[in-house]
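Colleague: Take this sequence and fold it.
(chains A and B)
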Amino acid sequence: MHEIIDKLREKNLAVLDGKTGINFRLVFLLSLILLAQGVVSFAMTMNQGLELWGLDNKTAWGITITNFVFWIGLAHSGTLISAVLYIFHQSWRNQINRAAEAMTLIAILCSCVFLFVHTGRPWLSWIWMMPYPNQFDLWLNFRSPLFWDFIAIITYFVVSLIFWYLGMLPDLSYYKSKTSSKIRQKIYAFMSIGWIGSRRQWQSYLKLYGIIAGIATALVVSVHSVVSMDFALTALPGWHSTIFPPYFVAGAIFSGSAMLVILMNILRYCFDVKDFITINHIEKLNKLIYLMSWIVLFSYIIEIFGVFFNSDYYEQQLIDIKLHSPIFWLMVLFNCVLPHLYMSKVNRQSAGISSVISIFIIIGMWLERFNIVIYSQKNALIATDTIRYTPTFIEVSLFLGSLGLFGVLYMSFIKLLPLIPTWEVASDEKKLRNNMPNS
Amino acid sequence: MKKSCEIICPIHNYNAVIEVLQRFRINYEDEYSIIEPPSTTENPRVTALYGVFGTLFAIVAICLSFYFLHWTQVISYPINVGGQLDFDFISSIPIAFEMTVLCVVCGLFLIFLLTNRMMMFQRSKTEDTRTIYIDVIYNLDLLRSKLEPFGVVIKHAKK
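Modeller: Residues are numbered from 1 along each chain as shown, chains lettered A, B, ... in the order given. Below you'll find the predicted structure:
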């Protein structure tokens, strides 16, 4: 048991203090390049305004909101996997929960980029978003789902941050004296505050951790439901649907798990943590992805069935347009057909195949959000209107920039903080617990 | 003050996991930093503490959220459209829910920090037990020699 923990500690310290390998540097460099070109596009948008985007009167939300929903979706899986599996005492989460929660936090930050940039003047966003009366003493519209969304995302970010930080507290206390970097030692000492690992602290700690895990689980469901209400509470055909909240939550878990598989495989190969993040973890995540693909398929069918059941002319017209669109069928192919490869255990246990399938799922889920956001605006109500929305280079560049931002922040997290939770792996050992009498 | 240390359970022939009655603070100096939670983690007082404070925070947050939403839309700037005020109970639920969750989590986190004396302005409390993991061959003399600099007295040991 302690050999495993010693090995884990050594591995964490090797990742923190050791030299970075060529794989890490390549991934970081690629992320940095993507981020740099995204920053240029951001600066151009700020300089010249939203006219650089392909928006028009009908398509007021371009792929910026698609990207926002996409990132929020990715953000949901990390905390969900970590919190739900903790509540159900699934010990296999112990090795991957911190990496998953970090994915959540960073994905929320990436989504916030689009939240602010789409306002056109991000430096004034706080006036428009915060509950603050303007010069006419007029308050924000608290009945607007857009404001609910803002509050929900802030809440989710803060709760996820506390959950993530709380999970790291004992490890920070341990590694502060072990890491060789003086700066890191000071950061860890500051972050571990007054943690001494006493029995009183542990009792309090584990209780609070369980409570926050329960709250975070409920929050995950509520937050993505609120995001879906941005669409569902409007009267626009294609958006005005009661299936949206569960549909969005299922899609979020689906895409988030796929992203997690990609990240776990990158970690396995960049940092050689195959002994801790094993193929067993990848397989379990793949099983979850396969389950969610069925739920997503069910949602697609219900969405189409609901339209034909309620006999709404405009809804039917929109579905007709969608069914003749290649984007819809690509989405079905990536999200509902490809995951069936996971019926085979060989595919589930293959890092390469699961990474490729996950990349296609991520693309498929982005197409799903594109399908939802853009098609309803473009085609609803006046079907003969042939205005065509095409994302401009700047919009695509901003999305690539957000991918770069994600990569840079995630790689920085790996180099700055202990990657694999040590205390949770240690506490998992049943023998240890059973052998220790109550003092 | 009496300082003592009780060896509870050596689990391997080359390792020892001990629980220390901690009357001193050694975590900043020692190299045997704690990493494992103790065997008994349930404490009814802790459960009651979080239960009571969590409920209190939730009630206060719900009341304040609804009052704030009502105040902004009915008292501070009433928008009266067709004889109906803008305030609606149902549409206030999402914001009230999110604010409640936020207050409960932040509040309980603060309670955790305060009750465990982890805030910067709090002095650490030293009378508590802790679990430490010591990587030594099962050798009491060696263990004693390692812990004596911290004023620890080993009083009992069992296999």
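Colleague: Could you use CA atoms for every contact and neighbour count after this?
Modeller: Noted.
Colleague: close to chain A, is whichever strand or helix holds B:Ile90?
Modeller: Here B:Ile90, judged by DSSP states H and E, is contained in helix B:89-115. Yes - counting by CA under 8 Å from any CA of the partner chain, chain A has neighbours in helix B:89-115: B:91-92, B:94-95, B:98-99, B:101-102, B:105-106, B:108-109, B:112.
Colleague: which among the residues you listed end up buried?
Modeller: Buried members of the residues of helix B:89-115 next to chain A, scored by 16 or more other CA atoms under 10 Å in any protein chain shown, are B:Ser92, B:Pro94, B:Ile95, B:Glu98, B:Met99, B:Val101, B:Leu102, B:Val105, B:Cys106, B:Leu108, B:Phe109, B:Phe112.
Colleague: So for residue 139, what's the pLDDT?
Modeller: I'll assume chain A. On pLDDT, A:Trp139 comes in at 79.
Colleague: Chain B, not that one
Modeller: pLDDT, read off for B:Asn139, is 61.
Colleague: returning to that earlier point: for the helix holding B:Ile90, the averaged confidence score.
Modeller: Helix B:89-115 shows a mean pLDDT of 92.
Colleague: Against which helices or strands is that helix packed?
Modeller: helix A:145-175, helix A:199-232, helix B:44-70 (3 or more CA pairs under 8 Å, 6 or more residues apart in numbering or on different chains; DSSP states H and E).
Colleague: got JSON lines for those, with mean pLDDT, mean neighbour count and distance to A:Ile357 too?
Modeller: Output for the helices and strands packed on helix B:89-115, formatted as JSON lines (pLDDT from 0 to 100; neighbours: other CA atoms under 10 Å in any protein chain shown; distance: least, CA to CA, whole Å):
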{"stretch": "helix A:145-175", "mean pLDDT": "90", "mean neighbour count": "22", "distance to A:Ile357": "28"}
{"stretch": "helix A:199-232", "mean pLDDT": "88", "mean neighbour count": "22", "distance to A:Ile357": "24"}
{"stretch": "helix B:44-70", "mean pLDDT": "92", "mean neighbour count": "16", "distance to A:Ile357": "43"}
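Colleague: can you put those helices in JSON lines and add distance to A:Asn371?
Modeller: Conversion of those to JSON lines gives the following (distance: least, CA to CA, whole Å):
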{"stretch": "helix A:145-175", "distance to A:Asn371": "20"}
{"stretch": "helix A:199-232", "distance to A:Asn371": "13"}
{"stretch": "helix B:44-70", "distance to A:Asn371": "35"}
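Colleague: So for A:Ile361, which of those helices sits nearest?
Modeller: helix A:199-232 (18.7 Å; CA to CA).
Colleague: Can you report how many residues neighbour the nearest residue to A:Leu13 once chain neighbours are set aside?
Modeller: Excluding the flanking residues, the one nearest A:Leu13 by CA to CA, 6 or more residues apart in numbering or on different chains is A:Thr179, at 6.4 Å. Using other CA atoms under 10 Å in any protein chain shown, the number of residues around A:Thr179 comes to 18.
Colleague: now stretch A:333-346: mean pLDDT?
Modeller: Taken as a whole, stretch A:333-346 has an average pLDDT of 94.
Colleague: likewise stretch A:301-320?
Modeller: 84.
Colleague: One more: stretch A:44-59?
Modeller: For stretch A:44-59, mean pLDDT rounds to 84.
Colleague: Can you give me the buried ones in stretch A:408-417?
Modeller: A:Val408, A:Leu409, A:Tyr410, A:Met411, A:Phe413, A:Ile414, A:Lys415, A:Leu417.
Colleague: right, I mislabeled it, should have said stretch A:91-110
Modeller: For stretch A:91-110, using 16+ other CA under 10 Å, the buried residues are A:92-110.
Colleague: Alpha carbons of that stretch, in CSV - could you do that?
Modeller: Extracted C-alpha coordinates of stretch A:91-110, given in CSV (Å, rounded to 0.1, in the frame of the first residue of the first chain):
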residue,chain,number,x,y,z
SER,A,91,-12.7,4.6,-5.8
TRP,A,92,-11.6,4.8,-9.4
ARG,A,93,-12.4,8.5,-9.4
ASN,A,94,-9.5,9.1,-6.9
GLN,A,95,-6.8,9.2,-9.5
ILE,A,96,-8.6,11.4,-12.0
ASN,A,97,-10.9,13.7,-10.0
ARG,A,98,-8.5,16.6,-9.7
ALA,A,99,-7.7,16.6,-13.4
ALA,A,100,-11.4,16.5,-14.2
GLU,A,101,-12.3,19.4,-11.8
ALA,A,102,-9.4,21.5,-13.3
MET,A,103,-11.0,20.8,-16.7
THR,A,104,-14.3,22.2,-15.3
LEU,A,105,-12.8,25.4,-14.0
ILE,A,106,-10.7,26.1,-17.1
ALA,A,107,-13.6,25.4,-19.4
ILE,A,108,-15.8,27.9,-17.5
LEU,A,109,-13.1,30.5,-18.0
CYS,A,110,-13.0,29.7,-21.7
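Colleague: roughly how far out does that stretch sit from the chain middle?
Modeller: Between the centre of stretch A:91-110 and the centre of its chain there are 9 Å (CA atoms, centre = their mean, to the nearest Å).
Colleague: Is chain B within reach of the helix or strand encompassing A:Tyr269?
Modeller: Here A:Tyr269, judged by DSSP H and E, is contained in helix A:244-270. No - on the criterion CA under 8 Å from any CA, helix A:244-270 is out of touch with chain B, staying 13.3 Å away.
Colleague: Packing partners of that helix?
Modeller: Secondary elements touching helix A:244-270 (3+ CA pairs under 8 Å, 6+ apart): helix A:22-48, helix A:63-87, helix A:199-232, helix A:279-310, helix A:351-379.
Colleague: quick one: the third one to chain centroid distance?
Modeller: Going by CA atoms, centre = their mean, the spacing between the C-alpha centre of helix A:199-232 and its chain's C-alpha centre is 15 Å.
Colleague: is it anywhere near chain B?
Modeller: Yes - contact of helix A:199-232 with chain B (CA under 8 Å from any CA) involves A:199-208, A:212, A:215, A:219, A:226.
Colleague: helices or strands next to that helix in the packing?
Modeller: When contacts are defined as 3+ CA pairs under 8 Å, 6+ apart, helix A:199-232 packs onto helix A:63-87, helix A:145-175, helix A:244-270, helix B:44-70, helix B:89-115, strand B:128-134.
Colleague: out of these, nearest to A:Arg121?
Modeller: So among these, helix A:63-87 is nearest, using CA to CA, at 14.4 Å.
Colleague: Next, the angle from the following helix or strand past the closest one to helix A:63-87.
Modeller: The element immediately downstream of helix A:63-87 (helix or strand, assigned by DSSP H and E) is helix A:97-117. On the basis of axes from the mean of the first three to the mean of the last three CA atoms, to 10 degrees, helix A:97-117 is oriented at 160 degrees to helix A:63-87.
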